[in-house]
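J.: got a predicted structure plus its sequence, pasted below:
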Amino acid sequence: MRRREFLAACFACTTWPPLSGNAQQREKATIGFLGFGALGDVRDGNNADAVRRGLAEIGYVEGRDYNVQYRAAEYQADALPGLAADLVNRKVDLIVTLASPALRAAHGATKAINIVFLTGFDPVANGFVESLNHPGANLTGVFILTGPLGPKRLELAREVTLTRSIGVLLSSTSFGFANVRDEFLTAGKSLGVDVVMQQADVPTEFEAAVDAVRRAGCGALVVGGDAVFTNNRNAIVELVTRYKIPAVYAEREYVKVGGLANYGPNFSEVYRLLGTYAGRVLKGEKPADLPIQQVSRVELLLNARTARDLNMSLPLPLLARADEVVE
């Protein structure tokens, strides 16, 4: 055999066969994460980590299968449309909105790029999709009906403290702020308690708002589920602890870091579910055909140590209903 023929035969024996089907290396996607809070939270916060876990369950690992363009409004709602438009101009493959205000901005920015969202407000009633079962558009996602949960937290605060004056901390940047505020006021009348509304739109306004609740003589505080609070939960709990106000929160993580009680969904699982939907869309499923997932399960967590620090006794029926009691 001549030398050229010999080398060709050796190459044929050592060359790997071509990859086929799903084994072929897919092109790396680009996802836009659009959030309302600070850049650090949008990029490195617990919610973003949960989205990544969901994506990984579907086979998408950041850096290997996709890259992310992070956009954060720093709690400035007016900045969201421009940030959404920037992601569209960069031709990302998918936009994941991490809060309700971001959904509105992304929806207004594109009808072509797919959007996977998390919202606490009815996406049908607010005109984003045709129906929960058949969104019929370029977007789908996860829906938590947060409106009824606020009054339930007010009721919980009343049960825990027996007070007749309760402070409520909300952000006016919240999607549907006026409706949420009115629901709290209506619930207060039904429960026979005075509701003292306080507003904080950025972290620098927290202390004045909590101090106003204390000066008003409120026996308890309900903290809204707005991103500005959940992204800065440690600061909120520290303030409330300093002022010795029993407080009810929207997420379990507050209780884990010293908050008294929470009533709401497990947001870590909710954002993980959001990530699985993002992965399914990247795999080729159409948002128009993916039913919106409605999360209805809520948890009640209590912190017994915090109750003792406040010289409180948690009612036995409440302890019996709790999903978890932190000692």
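T.: All right, it came through fine. Residues are numbered from 1 along each chain as shown.

J.: what's the helix or strand for the closest residue to Arg321 other than its chain neighbours?
T.: In space, and not counting its chain neighbours, Arg321 is closest to Leu300: 5.9 Å by Cβ to Cβ, 6 or more residues apart in numbering. (C-beta placed from N, C-alpha, C; glycine too.) Secondary structure from DSSP states H and E places Leu300 in strand 299-303.

J.: what's that strand packed up against?
T.: Counting contacts by 3 or more Cβ pairs under 8 Å, 6 or more residues apart in numbering; DSSP states H and E, strand 299-303 packs against helix 252-256, strand 261-264, helix 316-321, strand 324-326.

J.: just how off-centre is it within its chain?
T.: When distances are taken as Cα atoms, centre = their mean, to the nearest Å, strand 299-303 is centred 19 Å away from the chain's centroid.

J.: now do the buried residues in the helix or strand that it is followed by.
T.: Heading C-terminal from strand 299-303, the first helix or strand you meet, by DSSP H and E, is helix 304-309. Of the residues in helix 304-309, Ala304, Thr306, Ala307 count as buried by neighbour count, 16 or more other Cβ atoms under 10 Å.

J.: just to revisit the earlier point, so what strands line up beside the strand holding Leu300?
T.: strand 261-264 (antiparallel), strand 324-326 (parallel) (DSSP bridges).

J.: need these in a markdown table (columns: mean pLDDT, distance to Asp226 and mean neighbour count).
T.: A markdown table is the format used below for the strands paired with strand 299-303 (pLDDT from 0 to 100; distance: least, Cβ to Cβ, whole Å; neighbours: other Cβ atoms under 10 Å):
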| stretch | mean pLDDT | distance to Asp226 | mean neighbour count |
| --- | --- | --- | --- |
| strand 261-264 | 96 | 12 | 26 |
| strand 324-326 | 96 | 23 | 16 |
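
J.: adding distance to Thr146, write those strands out as TSV.
T.: TSV is the format used below for these (distance: least, Cβ to Cβ, whole Å):
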stretch	distance to Thr146
strand 261-264	8
strand 324-326	21
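
J.: contact partners of the strand holding Leu300?
T.: 156, 252, 255-256, 258-266, 314, 318-319, 321-326 (Cβ atoms under 8 Å, 6 or more residues apart in numbering).

J.: so which residues of the stretch 101-250 of the chain form strands?
T.: Taking DSSP state E, counting those that start in this stretch as the criterion, the stretch 101-250 of the chain contains strands spanning 114-119, 139-144, 165-170, 194-199, 220-223, 247-249.

J.: okay, domains of the chain per the record?
T.: Under the assignment automatic domain parsing, the domains of the chain span 27-146+268-295, 149-265+298-326.

J.: list just the nearest of the buried residues of helix 304-309 to Thr97.
T.: Minimum distance to Thr97 across these is 33.3 Å, recorded for Thr306 (Cβ to Cβ).

J.: from Gly225, how far off is that closest one?
T.: 20 Å (Cβ to Cβ, to the nearest Å).

J.: what about Val223, how many residues nearby?
T.: By other Cβ atoms under 10 Å, the residues close to Val223 number 29.

J.: now it: how far from Leu87?
T.: Val223 is 31 Å from Leu87, by Cβ to Cβ.

J.: which stretches of the stretch 51-200 of the chain form helices?
T.: Using DSSP state H, counting those that start in this stretch, the helices found in the stretch 51-200 of the chain span residues 80-89, 100-109, 149-161, 177-191.

J.: which of those sits most buried?
T.: Using mean count of other Cβ atoms under 10 Å, the stretch among the helices of the stretch 51-200 of the chain with the largest mean neighbour count is helix 100-109, at a mean of 24.

J.: against which helices or strands is that one packed?
T.: strand 29-35, helix 80-89, strand 94-97, strand 114-119, strand 139-144.

J.: tell me the mean pLDDT for the longest one?
T.: In this case it means helix 80-89. Helix 80-89 carries an average pLDDT of 98.

J.: cool, the first one as well?
T.: Average pLDDT, strand 29-35: 98.

J.: other residues contacting that strand?
T.: By Cβ under 8 Å, 6+ apart, the residues outside strand 29-35 that reach it are 41-43, 48, 51, 60, 65-73, 80, 83-84, 87, 90-99, 102, 105-106, 227, 278, 282.

J.: for PyMOL, what selects the buried ones among those residues?
T.: A single PyMOL command selects the buried members of these (16+ other Cβ under 10 Å):
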select buried, resi 41+42+48+51+60+65+66+68+70+71+72+73+80+83+84+87+92+93+94+95+96+97+98+99+102+105+106+227+278+282
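
J.: in CSV: the strands of the stretch 101-250 of the chain, plus mean pLDDT.
T.: Shown next, in CSV, are those (pLDDT from 0 to 100):
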stretch, mean pLDDT
strand 114-119, 96
strand 139-144, 95
strand 165-170, 98
strand 194-199, 97
strand 220-223, 98
strand 247-249, 98
